[in-house]
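Novice: sequence first, predicted model second:
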Amino acid sequence: AADAVTTTTTTSTPDISILWDAPLKGISEIFVVDSSLSGAIILGGIGVYSPMLAAHALLGSSVGAVTGTALILSDMTTTSTSLNDIALGLWGFNSALTSMAVGVFYVPTAASTFLLSAGGAAATAVLYGAMQSVFSTIVGAADSSVPCLTLPFCITMTGCYLMNGSMRGLRLATNPHSPELNKKEEEDSNK
């Protein structure tokens with residue numbers, strides 16, 4: 001008689017609780033530091049200069065982490081990345097840079113600036129996922145621990161910069177500073 005073979009398949013639910021401090025680590029990774037405490041300190045320093053710019057940084061890093069999580073959990077990314085890469089802040093730092101750059105270069109006069117900031121951060125994260133796959137293949141790494149540096153930020157922010165005037169209320173600052181100073185200069189020039 002033939003022996004019966006039983007195959008057991010186990011599925012595990014990823015532990016997304018490791019993503020709690022991913023936005024702060026994303027901010028710290030801008031300076032190649034893996035620490036949520038350092039991210040909080042950096043965010044505080046940015047906030048002293050400009051509370052709105054700090055909000056852009058946190059928004060961008062958070063959107064990058066959420067976008068990366070969604071791509072990984074839905075298996076839409078072809079990288080061999082894991083949730084650990086998100087927890088380390090690798091999906092957040094480029095997105096934080098994009099969001100902050102939108103805050104610096106655009107006058108915060110309408111919801112369109114916020115939408116560009118959040119949308120640019122999400123696009124940066126998607127581009128990061130795609131480029132990370134390519135960089136891992138080129139370098140020959142077995143995992144996705146080789147970062148693609150700030151290239152996703154540079155490409156996405158170039159696109160964001162070129163969107164000047166394409167949406168209602170979306171205007172480049174004449175003398176880019178913080179969002180608060182950009183808004184004040186805009187109001188002063190309209191007097």
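Specialist: Everything's here; your move. Treat the numbers as computed from the prediction; the structure is a model and nothing was measured.

Novice: drop to CA atoms for contacts and neighbour counts, all remaining ones
Specialist: OK.

Novice: sketch out the low-pLDDT regions of the protein for me.
Specialist: Filtered on pLDDT under 70, the chain yields the residue ranges 1-17, 76-81, 139-147.

Novice: from the chain's centre, how far out does the longest helix along it sit?
Specialist: Counting by DSSP state H, the longest helix found in the chain is helix 111-139. Remark: helix 111-139 is offset 7 Å from the chain centroid, using Cα atoms, centre = their mean, to the nearest Å.

Novice: buried ones in the helix or strand just after that helix?
Specialist: Counting by DSSP states H and E, the next helix or strand C-terminal to helix 111-139 is helix 151-161. For helix 151-161, the neighbour count (16 or more other Cα atoms under 10 Å) marks 152-153, 156-157, 160-161 as buried.

Novice: can you name every helix or strand that the helix or strand following helix 151-161 contacts?
Specialist: Using DSSP H and E, the next helix or strand after helix 151-161 towards the C-terminus is helix 179-189. For helix 179-189, the elements it packs on are helix 51-73, helix 93-105, judged by 3 or more Cα pairs under 8 Å, 6 or more residues apart in numbering; DSSP states H and E.

Novice: chain center to helix 179-189: distance?
Specialist: With Cα atoms, centre = their mean, you get 26 Å for helix 179-189.

Novice: now do stretch 97-116
Specialist: With Cα atoms, centre = their mean, you get 14 Å for stretch 97-116.

Novice: now distance to Arg171 too, for the buried residues of helix 151-161, in CSV please.
Specialist: Formatted as CSV, the buried residues of helix 151-161 follow (distance: Cα to Cα, whole Å):
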residue, distance to Arg171
Pro152, 23
Phe153, 20
Thr156, 17
Met157, 15
Cys160, 11
Tyr161, 10
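
Novice: out of the residues you listed, which two sit at the greatest distance?
Specialist: Pro152 and Tyr161 (14.1 Å; Cα to Cα).

Novice: which among the helices and strands packed on helix 179-189 is found nearest to Val32?
Specialist: Of all these, helix 93-105 sits nearest to Val32, with 9.4 Å by Cα to Cα.

Novice: which strands and helices sit next to the closest one?
Specialist: Applying 3+ Cα pairs under 8 Å, 6+ apart, we find helix 93-105 packed against helix 22-28, helix 51-73, helix 111-139, helix 151-161, helix 179-189.

Novice: so can I have CSV of those helices showing distance to Ser99?
Specialist: Output for the helices and strands packed on helix 93-105, formatted as CSV (distance: least, Cα to Cα, whole Å):
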stretch, distance to Ser99
helix 22-28, 11
helix 51-73, 5
helix 111-139, 5
helix 151-161, 9
helix 179-189, 12
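
Novice: right, and those helices - which one's nearest Gly169?
Specialist: Nearest to Gly169, of the helices and strands packed on helix 93-105 and by Cα to Cα, is helix 111-139 at 6.4 Å.
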